[in-house]
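> fold the following.
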Amino acid sequence: MRKVFIVIERRADYSRFKPILDKMREDPFFEIHLVVTGICLLKKHGLDVDYIRRDGFSIAAELPMFQEDGEDSGAEMVRAMSRVLSGLTDELERARPDLVLSGFDIGANFAVTVAAAHMNIPVAHIQGGEVTGSIDESLRHAMSKFSHIHLPATELSKQRLIRMGERPDRIFVVGCPSIDVLLDTPNLPQEDIERRYGLDFKKPVVLMIQHPVTTECLDSIDQIRETVEALCSLEIQTIALLPNNDAGYSKIIDHIQSARLKWYPSLPSIDFVNIYRRVWAIVGNSSSGIHEALTMKIPAVNIGTRQQGRERGGNVLDVPHDRSQIRQALKKALFDTELRERVREMKNPYGDGKAAEKIVHVLRSVSLEGIIQKRFHE
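Sure thing, here's the model as predicted:
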């Protein structure tokens with residue numbers, strides 16, 4: 001048996017860990033030690049811990065990280081990371097796992113990666129080697145250097161990890177696991193989703209997810225204002241998910257809640273996926289528009305710098321924070337029949353929806369002997 005330690009901070013990492021957790025709990029080789037923290041424990045952000053329990057996962061510990069009405073600043077992000085670093089260190093001592101499975105570019109996952117490496121616990125990291133800029137990229141690359149096994153989504157990301165000095169024989173290209181969720185989630189009747197959320201999918205529906213950019217946090221209100229004005233000017237059905245709590249989030253939330261939009265702090269994964277399958281386009285700056293939208297065969301209007309440099313399919317329309325350009329891109333995404341036909345024929349560079357299966361295979365078969373001591377690989 002191999003005990004695997006996983007920490008979940010927000011819906012972004014849960015959406016990627018969920019298919020892996022599903023496969024691991026079916027396999028008696030694995031014992032899962034699941035810790036929930038971050039905004040998953042905050043009511044104002046949707047209390048996602050309840051959705052995790054509803055999905056049938058046993059939670060070993062809940063670690064407070066953020067305060068319900070905490071300060072909206074980069075300094076508070078650091079203080080929160082210090083809180084969760086301390087709590088995760090204690091939990092690692094208690095659990096004594098064989099392996100930590102961390103991922104992406106999220107604070108609590110960074111904390112557990114650093115703690116485990118210092119405690120001589122092997123770390124496998126999902127989706128390293130991607131380029132985006134902002135603090136996210138710094139966290140992601142730092143996590144790669146603290147990790148011992150790498151599970152990137154694409155071959156290009158693998159090559160970046162090799163250039164960073166990571167050993168090729170410990171890098172396994174697996175794809176993006178959030179695609180698995182989109183393909184494997186049961187299909188609900190469209191009329192049920194329409195009735196529950198007041199939508200009509202025969203007409204254009206847009207999913208909006210826009211997060212703050214930490215290095216541009218003072219501009220958050222101006223940035224979200226441009227997006228909301230573009231959407232409202234088109235008078236199209238929009239369902240908005242509230243952002244994560246990176247610095248600059250509070251003004252985004254306030255503006256979305258005051259606008260003429262349907263908004264939700266979070267959604268059960270089964271509802272979110274069934275809405276996603278039917279929307280006409282996604283808009284904002286979420287990685288979902290880059291990683292997942294092409295699997296759903298929908299255009300993505302990507303705004304600003306949060307995803308700059310990331311590999312993307314031809315369904316992505318990049319625009320600055322300018323309401324006129326956002327409006328034009330949305331009209332193209334929704335009504336350009338030639339573009340929409342091309343998108344239906346495109347292949348997603350982030351994989352085929354089998355990432356969780358590949359990740360679990362690696363975790364089951366990879367040797368953990370002698371991997372703690374790392375050196376730059378020439």
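> residue contacts, Ala356?
Pro19, Ile20, Asp22, Lys23, Pro177, Asp180 (C-beta atoms under 8 Å, 6 or more residues apart in numbering). In this view, the C-beta of every residue, glycine as well, is placed from N, C-alpha and C.
> contacts only, for the residue nearest to it when sequence neighbours are not counted.
Leaving aside its sequence neighbours, Ala356 sits nearest to Pro19 (C-beta to C-beta, 6 or more residues apart in numbering; 3.7 Å). Taking C-beta under 8 Å, 6+ apart, we find Pro19 in contact with Pro177, Ser178, Asp180, Val181, Asp184, Ala355, Ala356.
> my read: the fourth one touches Ile270, true?
Same thing as Val181. No: at 9.6 Å, Val181 and Ile270 do not qualify as touching, with contact defined as C-beta atoms under 8 Å.
> more neighbours: which of those two?
Remark: of Val181 and Ile270, Val181 carries more neighbours, 24 against 17, as counted by other C-beta atoms under 10 Å.
> could you report the pLDDT at the more buried one?
We have a pLDDT of 94 for Val181.
> packing partners for the host helix or strand of it?
Under the criterion DSSP states H and E, the helix or strand holding Val181 is helix 178-184. For helix 178-184, the elements it packs on are helix 11-25, helix 269-276, helix 288-291, helix 355-365, judged by 3 or more C-beta pairs under 8 Å, 6 or more residues apart in numbering; DSSP states H and E.
> including mean pLDDT, could these go into a markdown table?
Below are the helices and strands packed on helix 178-184 laid out as a markdown table (pLDDT from 0 to 100):
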| stretch | mean pLDDT |
| --- | --- |
| helix 11-25 | 96 |
| helix 269-276 | 96 |
| helix 288-291 | 97 |
| helix 355-365 | 98 |
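> kindly reformat the ones you listed as TSV containing distance to Arg196.
As requested, the helices and strands packed on helix 178-184 are arranged in TSV below (distance: least, C-beta to C-beta, whole Å):
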stretch	distance to Arg196
helix 11-25	19
helix 269-276	7
helix 288-291	21
helix 355-365	28
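> so which of the ones you listed is the most surrounded?
Sort those by mean neighbour count, taking mean count of other C-beta atoms under 10 Å, and helix 288-291 sits at the top with a mean of 26.
> how far does the next helix or strand after that helix sit from the chain's center?
Next helix or strand after helix 288-291 toward the C-terminus (DSSP H and E): strand 300-303. Centroid displacement of strand 300-303 relative to its chain, using C-alpha atoms, centre = their mean, to the nearest Å, is 16 Å.
> contacts for strand 300-303?
Applying C-beta under 8 Å, 6+ apart, the set of residues contacting strand 300-303 from outside is 210, 223, 226-227, 281-285, 289-290, 293-294, 312, 315-321, 326, 329-330, 333.
> those strands in this protein, which residues are they?
Using DSSP state E, the strands found in the chain span residues 2-8, 30-37, 61-63, 99-103, 123-126, 149-151, 205-209, 237-241, 262-264, 281-284, 300-303, 316-319.
> surely Lys158 is in contact with Ile171?
Yes: between Lys158 and Ile171 there is a contact at 5.1 Å, judged by C-beta under 8 Å.
> between those two, what contacts are shared?
Joint contacts of Lys158 and Ile171 (C-beta under 8 Å, 6+ apart) are His150, Pro152.
> residues of the biggest helix by length in the chain that come out buried?
Scanning the chain for the longest helix, with DSSP state H as the assignment, gives helix 74-95. Residues 77, 79-81, 83-85, 87-89, 91-92, 95 are the ones in helix 74-95 that count as buried (16 or more other C-beta atoms under 10 Å).
> likewise stretch 297-314?
Buried positions in stretch 297-314, judged by neighbour count with 16+ other C-beta under 10 Å: 298-307, 310-313.
> what's the closest of the residues you listed to Leu234?
Top of the list for closeness to Leu234, among the buried residues of stretch 297-314 and by C-beta to C-beta, is Val301 at 11.5 Å.
> what about the closest one, distance to Leu161?
Distance of Val301 to Leu161, computed by C-beta to C-beta, to the nearest Å: 30 Å.
> also Ile359?
From Ile359 across to Leu161, the span is 16 Å (C-beta to C-beta).
> now do Tyr264
36 Å.
> more neighbours: which of these two?
Neighbour comparison, Tyr264 and Leu161: the larger count goes to Leu161, with 24 against 14 (by other C-beta under 10 Å).
> quick one, what contacts the more buried one?
For Leu161, counting by C-beta under 8 Å, 6+ apart, the contacting residues are Gly128, Gly129, Ser144, His150, Pro152, Ile171.
> again, but for Glu166
Counting by C-beta under 8 Å, 6+ apart, Glu166 has contacts Ser144, His150, His377.
> which of those residues has the most neighbours?
Ranked by neighbour count under the definition other C-beta under 10 Å, the contacts of Glu166 are headed by His150 with 28 neighbours.
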